[in-house]
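# Sequence plus the predicted model coming up.
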Amino acid sequence: MSSAAVQVSGVTLLRQQRPVLDNISFTIPAGSFVGVLGGNGAGKTTLFRTLLGLEKPSAGQIWIEGQPTQKGRMSIGYMPQVRGMVAAQLSGWSMVAAAQQGWKWGLPFYNEKARTDIDAALAAVDAQDLASCPVGSLSGGERQRLMLAQALLDNPRILLLDEPLASLDPARMRETAERIYALAQARGMTVLMSTHDINPLMGLMDHVLYMAHGKAVLGRVEDVMTTQTLSALYGAPVEVVRAGNRLFVVAEGGGASLQSCMCVGHGA
Ligand SMILES: Nc1ncnc2c1ncn2[C@@H]1O[C@H](COP(=O)(O)OP(=O)(O)OP(=O)(O)O)[C@@H](O)[C@H]1O
């Protein structure tokens, strides 16, 4: 477990002359389970897209399992944040199948191996019973399970999950996080999961990657989720307050670009 799954070195990415990623560096050991945190617009999605080779940094380098990143790498599974409604009449099986080998809707033929892989991905997220259901009839949580199945196609060694817990109720959040964790453990996958609520990941993740103002800090929960570390990251006074077994990140004086109160759990 000592090899690096993801290495980011001095990466800067500009949008309209503004650094969305500003000279960030971190190394994620293989097999890690990482919660990626940060307010709206902190750059979480941009980071994922950059790791996937879909966005080109203006400076810096990225290695995935020791190789320079490149578009279409099969070792990475990606669950994007966008959840536009897919064709409502599409079955769950067809929705997962649509992601096979990067094809979009309407691939007319799947060979036996492709069918087996799709069935296996559905089984991995306990979604066999959703295979024949029209996607339009499914709940948000059920659709998210299908999206997770899509990300598992090709048996990736690294999973990038962009807000997979969004719009789930608290019980489903924890259940989904545990499902992903169990899959990662069983398959030895490295997981980076962005979220606005760290609670469901408590006791599961071994690292936090906290992003703000284009900067990022990676470390253990108890090292990152501190007043000192987050104040340094934001470049402004930020207080991490414990209340029972929960943590709150509070911007002193209501800083404009910081979530005024983000509820997070107490480090495991
Ligand atoms: N296609 C784009 N063109 C221009 N700017 C963009 C584009 N996509 C994102 N941005 C900007 O880049 C910044 C980072 O956006 P990003 O989506 O990576 O943040 P995020 O942390 O994922 O946010 P959220 O939690 O709201 O999803 C934001 O200021 C956003 O407006």
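Nice, I can see it. Numbering: from 1, shown residues only.
# quick one: contacts for Gly43?
Gly43 makes contacts with Leu13, Val20, Leu21, Met211, Gly214, Ala216, as judged by Cβ atoms under 8 Å, 6 or more residues apart in numbering. Backbone N, C-alpha and C define where each C-beta goes, glycine included.
# what does Met74 give?
Contacts of Met74 by Cβ under 8 Å, 6+ apart are Asp154, Pro156.
# Let's see that with 7 Å instead.
Contacts for Met74 (Cβ atoms under 7 Å, 6 or more residues apart in numbering) come out as Asp154.
# swap in Gln150?
With contact taken as Cβ under 7 Å, 6+ apart, Gln150 is in contact with Val96, Ala99.
# Likewise for Leu146?
Per Cβ under 7 Å, 6+ apart, neighbours of Leu146: Gly92, Met95, Val96, Ala127, Leu130.
# Between the residues you listed, which sits nearest the ligand?
Nearest to the ligand among those, counting by Cβ to the nearest ligand atom, is Met95 at 22.5 Å.
# The closest one belongs to a helix?
Yes. Using DSSP: H, G, I helix; E, B strand; the rest coil, the secondary structure at Met95 is a helix.
# so it makes contact with Val135?
Yes. Using Cβ atoms under 7 Å, Met95 makes contact with Val135 at a distance of 5.2 Å.
# neighbour-wise, which of those two wins?
For Met95 versus Val135, the count of surrounding residues by other Cβ atoms under 10 Å is larger for Met95: 26 against 20.
# any idea of the pLDDT on that one?
With respect to pLDDT, Met95 has a value of 82.
# and what of the one 4 residues further on?
With respect to pLDDT, Ala99 has a value of 75.
# Tell me the spacing between it and the ligand.
21 Å (Cβ to the nearest ligand atom, to the nearest Å).
# for Arg15, same thing?
Applying Cβ to the nearest ligand atom to Arg15 and the ligand gives a distance of 4 Å.
# Can you pull the domain assignment for this structure?
Domain ranges of the chain: 1-75+156-224, 85-155, per automatic domain parsing.
# what's the most buried one of those domains?
Each of those was assessed for mean neighbour count using mean count of other Cβ atoms under 10 Å. The highest is domain 1-75+156-224, with a mean of 18.
# Okay, and the spatially closest residue to Leu168 that is not a sequence neighbour sits in which element?
Spatial nearest neighbour of Leu168, chain neighbours left out: Gly141 (5.3 Å); criterion: Cβ to Cβ, 6 or more residues apart in numbering. Assigned by DSSP states H and E, Gly141 falls within helix 140-152.
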